[in-house]
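Asker: Fold the following and give me the result.
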Amino acid sequence: QPLNDTWVLVGTGVAAVVGLWLLLLALTPGLREVLPMRRGPARVRAGLDREAAALILRDRAQEVSGVQSVRVRVRRAKVRVRAVSHFRELDDVRADLDTALGTGIGELGLVRPPALSVHVRRPKKKG
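Answerer: Sure, this is the predicted structure:
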């Protein structure tokens, strides 16, 4: 067949588009928002949404005495917690948050538990 034949050009165009699509799929990571969980005795694969994990850990952090507000950001390898404490010593609040959230991360049942980073500060002065 000659190379300028219509069917040859259509076939090479389709092959090029399929090849680019497969390359794009190979380079993009899948399921970024889902953290893989450990398998139980039922051998079922499960995942936990990162936003759900952040909500669980935020609720656990709110239960610590002295915490006024808290922001939790969950990544694949790290959990970043920013808390505002209004009446207790910052070191005491940080220690309580470390233990409570460390236990909470362990109870999530993730395959690779993320590292914990806790920052506690005082609220900004009004006026």
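Asker: switch to C-alpha atoms for all contacts and neighbour counts from now on
Answerer: OK.
Asker: which residues in the protein form strands?
Answerer: If DSSP state E is used as the criterion, the strands of the chain fall at 34-36, 47-49, 67-74, 78-85, 115-121.
Asker: counting contacts, what elements does the third one pack onto?
Answerer: Right, strand 67-74. Taking 3 or more CA pairs under 8 Å, 6 or more residues apart in numbering; DSSP states H and E as contact, the helices and strands that strand 67-74 lies on are helix 50-62, strand 78-85.
Asker: the inter-axis angle of that strand versus strand 115-121?
Answerer: Relative orientation of strand 67-74 with respect to strand 115-121: 150 degrees, computed using axes from the mean of the first three to the mean of the last three CA atoms, to 10 degrees.
Asker: could you give the mean pLDDT of strand 67-74?
Answerer: pLDDT averaged over strand 67-74 equals 96, rounded to a whole number.
Asker: With the second one instead?
Answerer: Here strand 47-49 scores 94 as its mean pLDDT.
Asker: can you count the residues close to residue 88?
Answerer: Neighbourhood size, residue 88 [other CA atoms under 10 Å]: 12.
Asker: gap between it and residue 12?
Answerer: Distance, residue 88 to residue 12, using CA to CA, to the nearest Å: 70 Å.
Asker: Ok, residue 86 next?
Answerer: Between residue 86 and residue 12 the distance, using CA to CA, works out to 67 Å.
Asker: okay, these two: which has more neighbours?
Answerer: A count of neighbours by other CA under 10 Å puts residue 86 above the other of residue 86 and residue 12, at 17 against 11.
Asker: Could I get the pLDDT score of the more buried one?
Answerer: With respect to pLDDT, residue 86 has a value of 90.
Asker: contacting residues for the residue most central in space within the chain?
Answerer: Among the residues of the chain, the smallest C-alpha distance to the mean C-alpha position (CA atoms, centre = their mean) belongs to residue 75, namely 3.2 Å. By CA atoms under 8 Å, 6 or more residues apart in numbering, the contact list for residue 75 reads 50, 114.
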